[in-house]
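Asker: sequence first, predicted coordinates after that:
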Amino acid sequence: MALKEIGVRPTWRKTGTARRIHDALLAIRDEPYVTLMVSPAAGDGKVHALYESWGYEDIGQSQPSPASAILTVMIRASH
């Protein structure tokens, strides 16, 4: 499974809401792994650090198109 994007409104940030959405989504999936791509610059690196705290590990980099930024590819077990 590839996770595209999780976003919450500013008033819901730092409340655990994004993590609860993430975990609820994975709880109903059967795939053994989930991957995502994150911009290393997002939130001055805070978004990457957040995903690391959720158990994701870096496995490489990707540039989806010539015009896009280089993104960090991350993976973790889905359960």
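Answerer: The structure has been received and is ready for your questions.

Asker: hey, where'd the helices end up in this structure?
Answerer: 17-27, 46-53 (DSSP state H).

Asker: buried stuff in the first one?
Answerer: By neighbour count on 16 or more other CB atoms under 10 Å, the buried set for helix 17-27 is 18, 22, 26. Bear in mind the C-beta positions are built from the backbone N, C-alpha and C, glycine included.

Asker: what is the burial count for residue 72?
Answerer: 19 (other CB atoms under 10 Å).

Asker: can you name the residues that contact it?
Answerer: Residues near residue 72 by CB atoms under 8 Å, 6 or more residues apart in numbering: 37, 38, 39, 40, 48, 58, 60, 61.

Asker: and the gap between it and residue 51?
Answerer: Between residue 72 and residue 51 the computed distance is 9 Å (CB to CB, to the nearest Å).

Asker: what's the overlap in contacts for those two?
Answerer: residue 38.

Asker: bridged to residue 73, which residues?
Answerer: residue 37, residue 60 (DSSP bridges).
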